[in-house]
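J.: Predicted model, plus sequence, below.
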Amino acid sequence: MDLKVLSSGGLTPALADYMIENCIGTLPLPLGLGIGFLVNGKNYIVPMAVEEPSVIAACSAIAKIISTHGGGFQCQSTPPVMIGQI
């Protein structure tokens, strides 16, 4: 990464969009969306902050395969269950 980018306040949205797929913003890392996650019969879009360009694309691709051919992800938990918001 160019030192000019760092000295001007960090990662620009244009550079972040170039670095990852489905970029929607920036943290100290680009923020993108993993799509196609079917969890307990409900579709989810998963925000991911990563610097590796292929991670979000690979996660979305495998989530689509699992949703299409395996019925999605099945999850359960035991109490206590905490609810949080990001």
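T.: Looks like it came in fine.
J.: quick one: low-confidence ranges for this structure?
T.: 1-9, 84-86 (pLDDT under 70).
J.: Return the alpha-carbon coordinates of the longest strand along it using CSV.
T.: The longest strand of the chain (DSSP state E) is strand 30-39. The C-alpha trace of strand 30-39 is given here as CSV (Å, rounded to 0.1, in the frame of the first residue of the first chain):
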residue,chain,number,x,y,z
PRO,A,30,-12.1,-3.3,3.8
LEU,A,31,-15.7,-4.4,4.7
GLY,A,32,-17.6,-6.6,2.3
LEU,A,33,-20.6,-8.9,2.3
GLY,A,34,-20.7,-12.7,2.1
ILE,A,35,-23.9,-13.7,0.4
GLY,A,36,-25.8,-16.9,0.0
PHE,A,37,-25.7,-18.2,3.6
LEU,A,38,-28.8,-20.4,4.3
VAL,A,39,-28.8,-20.9,8.1
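J.: Name the residues that touch that strand?
T.: For strand 30-39, the external contacting residues (Cβ atoms under 8 Å, 6 or more residues apart in numbering) are 11, 16-17, 19-25, 43-51, 56, 59-60, 63-64, 66-67, 71-75. To be clear about C-beta, it is placed using only N, CA and C from the backbone, and glycine gets the same treatment.
J.: So which of these are in helices?
T.: Using DSSP state H, the subset of the contacts of strand 30-39 located in helices is 16-17, 19, 56, 59-60, 63-64, 66-67.
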